[in-house]
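Peer 1: sequence? don't have it. structure:
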């Protein structure tokens, strides 16, 4: 009896595995996009500013390293910083929030300048395309005249 029970159980497991393999293999459209599929990031684009917590963490890491020079774990520093941030009052967080707001204003200015440059670059590219379209149409007009002349000769 033990042998008969194990055979159906393995068949069920095999069926489940084979179904999973088939679904994964045949379903190519549900794959996540790879890094190659995503568009490349512009290295000239300004980086987003740090939040108030990350401004706090910049300072906290320095003080934590001074107090715990033997600590090599990043996670311990992060957990200690998170706990400290949670325990701070709004008044204690205010200088970090102000620094973060200042960085955000600077970021917005640099993004406006960046977007303006991108728009100017796009306009220049559009202008180039228009001039190349004109030259193509002129070339096509010349070809049409030649073809019409040849057709007259063939009709006679």
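Peer 2: Good, I have the coordinates. From a predicted model like this one, the values you see are computed outputs, not experimental measurements.
Peer 1: So for the helix or strand containing residue 124, mean pLDDT?
Peer 2: For residue 124, the element it lies in under DSSP states H and E is helix 90-155. For helix 90-155, the mean per-residue pLDDT is 75.
Peer 1: same thing with stretch 74-84?
Peer 2: For stretch 74-84, mean pLDDT rounds to 95.
Peer 1: now stretch 48-66
Peer 2: Over the span of stretch 48-66, the pLDDT mean works out to 95.
Peer 1: And that stretch, what's buried?
Peer 2: The neighbour-count criterion (16 or more other CB atoms under 10 Å) identifies 49, 50, 52, 53, 55, 56, 57, 60, 64 as the buried residues of stretch 48-66. (Glycine included, C-beta is placed from N, CA and C.)
Peer 1: cool, stretch 76-93 as well?
Peer 2: For stretch 76-93, the neighbour count (16+ other CB under 10 Å) marks 77, 80, 81, 85, 93 as buried.
Peer 1: So which of those belong to helices?
Peer 2: Judged by DSSP state H, helices contain the following of the buried residues of stretch 76-93: 77, 80, 81, 85, 93.
Peer 1: Tell me which residues touch residue 84, please.
Peer 2: Neighbouring residues of residue 84 by CB atoms under 8 Å, 6 or more residues apart in numbering: residue 60.
Peer 1: Same check on residue 92?
Peer 2: By CB under 8 Å, 6+ apart, no residues touch residue 92.
Peer 1: now residue 93
Peer 2: With contacts defined as CB under 8 Å, 6+ apart, residue 93 is in contact with 52, 56, 85.
Peer 1: Can you tell me, leaving aside adjacent residues, what's nearest to the second one?
Peer 2: It stands for residue 56. Counting by CB to CB, 6 or more residues apart in numbering, residue 96 is the residue found nearest to residue 56 once chain neighbours are left out, at 4.5 Å.
Peer 1: Give the burial count for the one you found, as a bare number.
Peer 2: For residue 96, the count of nearby residues is 22 (other CB atoms under 10 Å).
Peer 1: how close does residue 83 sit to residue 120?
Peer 2: 48 Å (CB to CB, to the nearest Å).
Peer 1: Same question for residue 90.
Peer 2: Taken as CB to CB, the spacing of residue 90 relative to residue 120 amounts to 43 Å.
Peer 1: And for residue 65?
Peer 2: In this structure, residue 65 lies at 45 Å from residue 120, with CB to CB as the measure.
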